[in-house]
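**Student:** sequence and predicted structure below; questions after.
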Amino acid sequence: MNLQLRPALVSFMALSAITGLAYPFVITGLSKMIFPKQAAGSLIRANGQVIGSELIGQPFTAPKDFWGRPSATVDASGKPLPYNGANSGGSNLAPSNPSLRTAVEERIAALRAADPEATGPVPVDLVTTSASGLDPHISPAAAAFQVHRVAKARGLDEAKVRDLVAAHTEGAQLGVLGDARVNVLKLNRALEQAK
């Protein structure tokens, strides 16, 4: 028995040291050297202060800002806490669920109330949550739907706001993965700097 136990323990300890300590330290070190911004969380700074991350959405609700995709994340007690990175996850409500229908109708009503002049259908990503609940992007259609409200609230020409949306529209990754998208935090920062 002792002959079998000792090699098993030595193997366990060696593999634990390699996979639990050495490997993470090496990968973290390489990441910080090769991709320093991404390894640090893709943080966005303004005046030396961290104001957010390119990877996690924020709850913008002012008429002068572009609004992101709704978040279904909650705090530890289950109370809604938008874009809570510590408790990422979607609502998991089926399309047939009455709660989802009610939430979507309320979001559509809020968007219409914020800009009664907005016509046409509301883009789906403005009224439904993503699987993670942290999505920092909206579709170009969702940004275009909000241009009139944002331009009016900021006293800017709509053409200038449309140009900013176009300038902040990112294409598919590697040209083929995913769809075009707009990072809401970056776009709102550009609006602040446009004044």
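**Tutor:** That came through fine. Numbering: from 1, shown residues only.
**Student:** and Gly133, its phi and psi?
**Tutor:** Per-residue torsions, Gly133: phi 80, psi 10 (degrees, to the nearest 10).
**Student:** swap in Leu43?
**Tutor:** Taking degrees, to the nearest 10 as the convention, Leu43 sits at phi -70, psi 150.
**Student:** tally of neighbours for it?
**Tutor:** 12 (other Cβ atoms under 10 Å). Quick note: C-beta positions are derived from backbone N, CA and C, even for glycine.
**Student:** beta partners for it?
**Tutor:** Beta bridges link Leu43 to Ser53 when assigned by DSSP bridges.
**Student:** would you mind measuring from it to Ala118?
**Tutor:** Distance, Leu43 to Ala118, using Cβ to Cβ, to the nearest Å: 33 Å.
**Student:** check Gly133 too.
**Tutor:** From Gly133 to Ala118 the distance is 25 Å (Cβ to Cβ).
**Student:** higher neighbour count, those two?
**Tutor:** Each of Gly133 and Ala118 has its neighbours counted (other Cβ under 10 Å); Gly133 has more, 24 against 14.
**Student:** quick check: the residue nearest to that one when sequence neighbours are not counted vs Ile44, distance?
**Tutor:** Spatial nearest neighbour of Gly133, chain neighbours left out: Thr73 (4.0 Å); criterion: Cβ to Cβ, 6 or more residues apart in numbering. Between Thr73 and Ile44 the computed distance is 20 Å (Cβ to Cβ).
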